[in-house]
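S.K.: Next one to model:
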Amino acid sequence: MPDMQQILQQAQQMQEQLVAAQEELAATEVTGTAGGGLVTATVSGGMELKGLSIDPKVADPEDTETLADLVVAAVRDATASAQKLTEEKLGPLAGGLGGGGGMPDLGNLGLPGQ
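M.R.: Now for the predicted structure:
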């Protein structure tokens with residue numbers, strides 16, 4: 001039977017690493033673009049939209065639909081980059097938590113109710 005104290009220490013270390021990684025991600029910003037750079041979105045690693053830049057050339061009052069599409073595409077691109085960054089940063093930690101990002105599969109440790 002594994003040493004329960006050791007398991008708890010490992011879980012605490014993993015939790016601390018996870019919190020540190022999440023804080024680092026929240027402070028990290030990535031950008032996404034659309035329309036050849038006419039629209040640029042900036043998103044944090046925490047998936048928060050931080051900024052949006054629109055080149056005046058694309059701001060046609062007669063064609064707001066294209067502008068809206070470019071904004072959506074730029075935000076989607078930035079969000080995908082932020083998601084990839086999150087997976088790269090948290091992937092090893094999530095793997096240590098049983099691969100699901102939650103509690104590890106402790107299996108049958110002889111605990112009551114198992």
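
S.K.: neighbouring contacts of stretch 23-40?
M.R.: 41-46, 50-55, 57-58, 67, 69-71, 73-82, 85-86, 89-90 (C-beta atoms under 8 Å, 6 or more residues apart in numbering). Every residue, glycine included, has its C-beta placed from N, CA and C.

S.K.: switch to 6 Å and redo it
M.R.: 41-46, 50, 53-55, 58, 70-71, 73-74, 77-78, 81-82, 86, 89 (C-beta atoms under 6 Å, 6 or more residues apart in numbering).

S.K.: Can I get the buried part of the residues you listed as one ChimeraX selection?
M.R.: ChimeraX command restricting the contacts of stretch 23-40 to the buried ones, with burial defined by 16 or more other C-beta atoms under 10 Å:
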select :41,42,43,44,45,54,58,70,71,73,74,77,78,81,82,86,89
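
S.K.: from the contacts of stretch 23-40, which ones fall inside strands?
M.R.: 41-44, 50, 53-54 (DSSP state E).

S.K.: In contact with the spatially most central residue of the chain, which residues?
M.R.: Residue closest to the mean C-alpha point of the chain, counted by C-alpha atoms, centre = their mean, is Thr86 at 3.6 Å. Applying C-beta under 6 Å, 6+ apart, we find Thr86 in contact with 25, 45.
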